[in-house]
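# Curious how this folds, go ahead:
(chains A and B)
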Amino acid sequence: MASINQNLPGSALPDFRNIGVVMRVLLAVIAMQVAVSAARAPSWRSALDELVGMSALAQPTLILSLVALAALSVWLRRLPYAAGVGVVVALELGLTALVFQYGHELLGGGVGATGRALAFALAATCVVLGYFNLRGRALSPALTEARLQALQARIRPHFLFNSINAVLSLIRADPKRAEHALEDMADLFRVMLADTGQLSPMEREVELCREYLNLEQLRLGDRLNVEWRLAGMPGDALIPPLVLQPLVENAVYHGIEPRIEPGAIAIEIYRRGDQLHAVITNPYQENSTHHAGNRMALANIRERLALRFDALASLTARVENGVYVVRIALPYIVKEPG
Amino acid sequence: MTEAGEALKVVIVDDEAPARSRLRDLIADCAQTLPVEVAGEAANGPEALALLSARKADVVLLDIRMPEMDGIEVAQHLQRLDDPPQVIFTTAYDAYAIRAFELHAIDYLLKPIRARRLAEALVRVRGLAPLRPEVLRKLQSEPRSNLSVQERGRIHLIPISDVIYLKAELKYLTVRTAAREYLLEESLTRLEQEFAGRFTRIHRNCLVANAAIAGFERVAEEGGEAHWVVLLRGLDERLAVSRRQQHIVRELGKG
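Predicted coordinates:
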């Protein structure tokens, strides 16, 4: 295994079964159709006629394409990126030729020349694929700098050094506890430093949160109370690694650490239909000074979820009755796709 | 090393119990070669101030990042004591504070602390100049949670949220809360800057807490012309709004 993975996973075809991806394709292609109609027509009024005329064949092609891409999505994503792009382009040209061929027989001539339709299909396909490629790269936390930032956001130096300090304090008085604390720390840092490409079982992610909370408990003692609500949790669900733990860390950092009085954080995980939900709550500290840091941590997780699940995942954060509530929802997956 | 050959009395202030116990261990280690002893421990700022008001200490090992009142603020309140202890700040990681400490030659220890570093700092501490208030103010990155005064040798904290108004008189500043008045030696302008957004200046010599403003009323003095006064929440007193500050009546929209 290579020690450092330098491949940019940004170059990958999008998952065409994702509703967010479908919407983006639809909007982009229709926008291009409108632009082409407007450019071709001599006046604004005739632009509409142009668009309607074009739609008779262009829209069926678009719908057929989306259905075909959704059906082939899993297979396409398994191909090398260049081959995948080739297949998609060929598919689009083939479908366009087919629809226009039959269209002409069905509706007679005058509904658009096949040659120009093919050119448009080629251009539209390239634009859409180019857009998804750029978007993947832009959102990809694997880009060196973003990756570094993400790493720093994950390992708060303050937490690292205070934890080491806490373990040091235990070594003389309670060596057994010091051992456990170091084991928890090793586990936690192993995951934090690992490549984050693979989905991870929910049970493992919860275990990681517990190890993290053990360390915090060591430092914060009675000030930190944790309430787990996991009755509805499907342990076999797969989620992106290190989505849950940073949210729990945030709850401790913003909800417990700034208070002298003890406080409780609650973590609830359940499944509803094909969606997996996690709700993390902590006492809201009005004059906490780390609000900016909080927004950054949440933005980081939101981006990672968006990159992987697009519109199928969401993250919301708000204050409800003096309690800060972060909710995430993501697709319930039990097998790694592709 | 101390004048009378007495042990150096150290107070430990840290919100994390393991950090306090670690320092206790280290001081016990140092005690084998240095006359030093732990004189007390506190888990937060107010506790530390109460402890140090009641018990004399030579040195405070003061954690910077603590809930509700950070170490820098504690150090500022400590300066109200007649003979404040020397302060050695401790921190796990505070890039900003560390740069400032270096700049102003303030002693600090990085956690995890080494016994050798602690011993060196304790040996050095007698010769250190006392902390200067203006330097501490510069280190303060956010407004203090409390104002403080010294009363009969003890530090008395006034939560900033209790303050109804601040009024400058000849040499002092009067701090008014619902319960009573205090005299403070601070500058009104500096407080206005530090707590920007919390107070409104209604007069050259007076700041009123926004939350305490119940409304405005126009009163006519006998012989004089009419002027605005502020009605206060929780206090049966009226404060005059100066002509220059009249615009606030409109801006706060409670006239």
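# what about the nearest residue to A:Pro234 once chain neighbours are set aside, how many residues close to it?
Nearest residue to A:Pro234, sequence neighbours excluded (C-beta to C-beta, 6 or more residues apart in numbering or on different chains): A:Arg271, at 4.9 Å. All C-beta spots, glycine's among them, are computed from the backbone N, C-alpha and C. Per other C-beta atoms under 10 Å in any protein chain shown, the neighbour tally for A:Arg271 reads 14.
# What's the end-to-end length of stretch B:90-98?
In stretch B:90-98, first residue to last residue: 10 Å (C-alpha to C-alpha, to the nearest Å).
# ok, B:Gly197 - how many residues close by?
Counted with other C-beta under 10 Å, the neighbours of B:Gly197 add up to 7.
# go on, A:Val127?
14.
# do the one 10 residues further on as well
By other C-beta under 10 Å, 15 other residues sit near A:Arg137.
# so which strand or helix has it?
A:Arg137 belongs to helix A:114-139 when assigned by DSSP states H and E.
# again, but for A:Leu182
helix A:175-193.
# C-alpha coordinates for that helix, CSV please?
Extracted in CSV, the C-alpha atoms of helix A:175-193 (Å, rounded to 0.1, in the frame of the first residue of the first chain):
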residue,chain,number,x,y,z
PRO,A,175,-1.6,3.5,35.7
LYS,A,176,-4.4,1.3,34.5
ARG,A,177,-6.6,4.2,33.6
ALA,A,178,-3.6,5.9,31.9
GLU,A,179,-3.2,2.8,29.8
HIS,A,180,-6.9,2.9,28.7
ALA,A,181,-6.7,6.6,28.0
LEU,A,182,-3.6,6.1,25.7
GLU,A,183,-5.4,3.2,23.9
ASP,A,184,-8.4,5.5,23.3
MET,A,185,-6.1,8.2,22.1
ALA,A,186,-4.3,5.9,19.7
ASP,A,187,-7.5,4.7,18.2
LEU,A,188,-8.8,8.2,17.8
PHE,A,189,-5.7,9.5,16.1
ARG,A,190,-5.4,6.5,13.9
VAL,A,191,-8.8,7.2,12.4
MET,A,192,-8.2,10.9,12.2
LEU,A,193,-5.0,10.4,10.3
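# And the pLDDT at the residue located most distally from the centre of chain B?
The outermost residue of chain B relative to its centre, with distances by C-alpha atoms, centre = their mean, is B:Gly223 at 44.8 Å. pLDDT for B:Gly223: 72.
# Repeat that for A:Arg116.
On the pLDDT scale, A:Arg116 gets 82.
# From B:Arg144, how far off is it?
Counting by C-beta to C-beta, to the nearest Å, the separation of A:Arg116 from B:Arg144 is 72 Å.
# neighbour-wise, which of the two wins?
Neighbour count, other C-beta under 10 Å: between A:Arg116 and B:Arg144, B:Arg144 has more, with 21 against 13.
# residue contacts, the closest residue to that one other than its chain neighbours?
Counting by C-beta to C-beta, 6+ apart, B:Glu73 is the residue found nearest to B:Arg144 once chain neighbours are left out, at 4.9 Å. When contacts are counted by C-beta atoms under 8 Å, 6 or more residues apart in numbering or on different chains, B:Glu73 touches B:Gly45, B:Gln140, B:Arg144, B:Ser145, B:Asn146.
# which ones among these are found in strands?
The strands, defined by DSSP state E, take in B:Asn146 from the contacts of B:Glu73.
# Thanks a lot, catch you later.
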